[in-house]
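Chemist: Let me see the structure of the following:
(chains A, B, C and D)
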Number of protein chains: 2
Amino acid sequence: MSESYKGLSTQDYIAQLSIDCVIFGYQNGLLKVLVPKLNFQGDFWGLPSGFIYQHEDVDQAAQRILEDRTQIKDIYLEQFHVFGNAHRNNAEFMSSLLAQNPQLQGSQEEYDWFVRRFVSIGYYALVDIKKVKPQTTYIDEKIEWVDINQLPNLILDGKAIISKALLALRANFDDHLVGYNLLPETFTMKELQNLYETIFDKPYRRNNFQKMMLDLNILKRLEKQFTGAANKAPYLYKFKEM
Amino acid sequence: MSESYKGLSTQDYIAQLSIDCVIFGYQNGLLKVLVPKLNFQGDFWGLPSGFIYQHEDVDQAAQRILEDRTQIKDIYLEQFHVFGNAHRNNAEFMSSLLAQNPQLQGSQEEYDWFVRRFVSIGYYALVDIKKVKPQTTYIDEKIEWVDINQLPNLILDGKAIISKALLALRANFDDHLVGYNLLPETFTMKELQNLYETIFDKPYRRNNFQKMMLDLNILKRLEKQFTGAANKAPYLYKFKEM
DNA sequence: GCAAAAGTGTTAGCCCTACACCCATGG
DNA sequence: CCATGGGTGTAGGGCTAACACTTTTGC
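Modeler: Down below sits the predicted model:
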């Protein structure tokens, strides 16, 4: 990615078209998204986003943007919606940004490319939170995993995008059996169940859940995991190679 | 829409972003799409497509493009996928077009805007084929309903777009109960069944299909339809207002 | 009355749900 | 041997698939 807004141009990128990513991770029973806090005065958070090079597939651009932030390759990702309201632009954000960052005054015209109306393609990604090494880019002050139920102030329609991403994730979850992207290599049945309960926000019965999963024939049972607790040791599972 | 390619510019439209529409209709047991034959020498067919005005919602743009071709408002439509391969551009089409249309030589540079790489947002629409009055635009020689199994030569990735649209339609059909968009105001149970059989390309049992539909509680039974045939007259149905 | 097509009923099998029970483990 | 939590079995209810039967219509 270029070093600042100032370098952006249609020579490099497709104008007025962006990609917004919702990066889902799962940890300690919570569904989380990876969001950067922007490197300005004020409580401005965004979604990992970027633009598309002239000679780059849109899917590749999304993959690149995700790699930049997570440092892992071959991420599972899914295009889920295009956000194309006419009023989608960064003007409002820029004006409140400038209000709180007077030192930026004067360079305003250099952001022209950036404050035009944008159409954004939404992708969601599923990652093993332990494998990710969150990276800031030039525009970020920091980047953090936050509980999807405790989102900070996202600029633009960030929250709407995340909501829609979650709906798309749920719709695809069963059909595409993508849960493994959110889990470590091996896991117990209870951990898998907790993941489902978190994502669908409803309880499952332990035994029926186990039967459902085993009947899918996608899990391989490994050795038991002795936790030291005074109870039966659970089996570890991994997803079968396809 | 502007009068020709020559008028296209980023002042009016968002550059390098287009909309492609797959307009589904249903008639005589066949699922059809409305496709224009381009107004040039050669067997070039396209999808109803267009661009997005700077101050226009993407969804509105799709609606406008559909209205232009069908002359009906409030069309059911659904955004289903973004086609963003880097090699998606009209260059190949333009070169074979120019080969078969030598009179266009020389005006080539005026098509610069048009032959750049394009990202296209796919929408599919469901319409009552009897209500549509197909309209050509400046770029069309003619526009026709064609059986989805007998598509002509579509430029670019037209066929891939239609295939994906059909998959999306099937996926949404049950959940969203959108079948009525493809049928006239009133219809018989058999007609509804035929529609389902056409779209899903599989047979249903008459009685079970009827039970399934009636249990959905979305149909209102009207008077019988006396066809003159020597058999029991079927009821007419309409979809309940929601 | 008969053929054709529509409407309705009915049973068997399947899947999911809910409950029950058994087993391993460490203290 | 007991408390805890994991693994497995099973009966009941609802849904669906498949078949059978009845009704209506025009000739």
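Chemist: going forward, measure contacts between C-alpha atoms and count neighbours the same way
Modeler: OK.
Chemist: Could you check how far A:Gln210 is from DNA strand C?
Modeler: For A:Gln210, the distance to DNA strand C equals 10 Å [Cα to the nearest atom of the strand, to the nearest Å].
Chemist: which residues touch that residue?
Modeler: A:Met189 (Cα atoms under 8 Å, 6 or more residues apart in numbering or on different chains).
Chemist: And chain B, is the helix or strand bottoming out on mean pLDDT in chain A touching that?
Modeler: None of the helices or strands of chain A scores lower by mean pLDDT, DSSP states H and E than helix A:112-115, at a mean of 70. No - against chain B, helix A:112-115 shows no contacts by Cα under 8 Å from any Cα of the partner chain, the least distance being 12.8 Å.
Chemist: Find the residue closest to A:His87 in space, skipping its chain neighbours.
Modeler: A:Arg117 (6.8 Å; Cα to Cα, 6 or more residues apart in numbering or on different chains).
Chemist: how about the residues of chain A near chain B?
Modeler: Checking chain A against chain B by Cα under 8 Å from any Cα, the hits are A:14-17, A:54-59, A:79-87, A:117, A:121.
Chemist: Backbone torsions only: list them for the residue nearest to A:His87.
Modeler: Backbone dihedrals for A:Arg117, given as degrees, to the nearest 10, come out at phi -60, psi 130.
Chemist: Return the distance of the least confident helix or strand of chain A from the chain's centre.
Modeler: 25 Å (Cα atoms, centre = their mean, to the nearest Å).
Chemist: And for stretch A:184-202?
Modeler: Relative to its parent chain, stretch A:184-202 has a centroid offset of 18 Å by Cα atoms, centre = their mean.
Chemist: so the residue nearest to A:His87 bridges to which residues?
Modeler: Beta-bridge partners recorded for A:Arg117 (DSSP bridges): A:Asn89.
Chemist: Centre of the chain to stretch A:222-242, how far?
Modeler: When C-alpha coordinates are averaged (Cα atoms, centre = their mean), stretch A:222-242 and its chain have centres 29 Å apart.
Chemist: and that stretch, which residues are buried?
Modeler: Buried residues in stretch A:222-242, counted by 16 or more other Cα atoms under 10 Å in any protein chain shown: A:235-239.
Chemist: Likewise for stretch A:94-107?
Modeler: A:94, A:97-98.
Chemist: Report the mean confidence score over stretch A:130-140.
Modeler: For stretch A:130-140, mean pLDDT rounds to 91.
Chemist: Then stretch A:182-192?
Modeler: Here stretch A:182-192 scores 94 as its mean pLDDT.
Chemist: on that earlier part again, mind giving me the packing neighbours of the following helix or strand past the least confident helix or strand of chain A?
Modeler: Downstream of helix A:112-115, the next assigned helix or strand under DSSP states H and E is strand A:119-126. Helices and strands touching strand A:119-126, as assessed by 3 or more Cα pairs under 8 Å, 6 or more residues apart in numbering or on different chains; DSSP states H and E, comprise strand A:13-27, strand A:76-83, helix A:158-176.
Chemist: Which stretch among the ones you listed approaches A:Ile143 most closely?
Modeler: strand A:13-27 (11.8 Å; Cα to Cα).
Chemist: Show me what the helix or strand following that closest one is in contact with.
Modeler: Note on strand A:13-27: by DSSP H and E, the next helix or strand toward the C-terminus is strand A:30-38. Contact partners of strand A:30-38, identified using Cα under 8 Å, 6+ apart, comprise A:22-26, A:43-48, A:134, A:136, A:139-148, A:198-199.
Chemist: ok, now with 6 Å
Modeler: With Cα atoms under 6 Å, 6 or more residues apart in numbering or on different chains as the test, strand A:30-38 has contacts from A:23-26, A:44-47, A:139-148.
Chemist: Let's see the PyMOL selection covering just the buried ones among those residues.
Modeler: Selection of buried members from the contacts of strand A:30-38 for PyMOL, criterion 16+ other Cα under 10 Å:
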select buried, chain A and resi 23+24+25+26+44+45+46+47+140+143+145+146+147+148
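Chemist: what residues does chain A put near DNA strand D?
Modeler: Within chain A, the positions near DNA strand D by Cα under 7 Å from any atom of the strand are A:189-190, A:206-208, A:210, A:230-235.
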